[in-house]
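> One predicted model, sequence on top.
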Amino acid sequence: MNPPEPRPFTGRHAAIMIFSFFAVIIIVNLVMARFAISTFGGTVVDNSYVASQQYDQWLSQAEAGERLGWQVGSELDATRHVIVRVADRSGAALANANISLHAHHVLGRNGDIRLQFAATGAGQYRSTAPLPAGRWQAVVTIRHGADVRRTASAFE
């Protein structure tokens with residue numbers, strides 16, 4: 001008894017293989033593009049060239065803020081109000097500071113939020129409004145007299 005003859009490889013088989021190969025690639029690309037579009041919320045900066053021109057200025061402002069030696073901590077309380085604690089270089093509470101917060105949603109789906117703060121104790125300040133639920137990146141600006149310090153924080 002002889003084994004069965006193998007079927008010949010024809011042009012039809014080659015066409016099916018090539019079509020299947022490209023169909024898989026196209027389907028995967030469409031699925032990945034759909035996921036990318038549905039989860040991308042926007043840009044980090046609107047114009048990267050303009051942002052690059054301001055980079056040195058931002059660095060010098062950050063270095064000036066660091067030289068102040070202020071100790072800054074921020075957190076959310078149970079009601080989603082932001083609590084900021086500020087102490088000077090020696091660890092003494094920094095009183096009479098003006099604090100503000102500019103938060104933007106990590107995925108850009110929600111608009112930016114600005115919060116103001118009221119003093120609640122020695123070197124402690126509480127936002128006057130709660131931060132909505134979600135993941136937020138925030139810049140806390142602390143002004144005390146002519147001195148300014150900005151710190152970045154993330155909240156969930």
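Structure's in. What do you need? Numbering: from 1, shown residues only.

> Okay, helices next: where are they in this protein?
Listed in chain order, the helices found in the chain under DSSP state H are 11-39, 48-53, 55-67.

> Please identify the most buried of those helices.
helix 55-67 (a mean of 11; mean count of other C-beta atoms under 10 Å). In this view, the C-beta of every residue, glycine as well, is placed from N, C-alpha and C.

> Mind giving me the packing neighbours of that one?
strand 147-155 (3 or more C-beta pairs under 8 Å, 6 or more residues apart in numbering; DSSP states H and E).

> Beta-bridge partners for residue 127, please?
Taking DSSP bridges, one obtains residue 117 as the residues bridged to residue 127.

> re the thing from before, ok, which of the helices of the chain comes nearest residue 125?
Checking the helices of the chain against residue 125 by C-beta to C-beta gives helix 55-67 as the closest, at 16.9 Å.

> pLDDT weak spots in the protein?
For the chain, residues meeting the criterion pLDDT under 70 lie at 40-45, 107-109.

> got the helices of the chain as CSV, with distance to residue 85 columns?
As requested, the helices of the chain are exported to CSV (distance: least, C-beta to C-beta, whole Å):
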stretch, distance to residue 85
helix 11-39, 34
helix 48-53, 31
helix 55-67, 16
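
> out of those helices, nearest to residue 3?
Closest approach to residue 3 among these (C-beta to C-beta): helix 11-39, 20.4 Å.

> Which residue comes closest to the residue most central in space within the chain once chain neighbours are left out?
By C-alpha atoms, centre = their mean, the chain has its centre lying nearest to residue 106, at 3.7 Å. With sequence-adjacent residues excluded and distances taken as C-beta to C-beta, 6 or more residues apart in numbering, residue 106 is closest to residue 135, at 4.4 Å.
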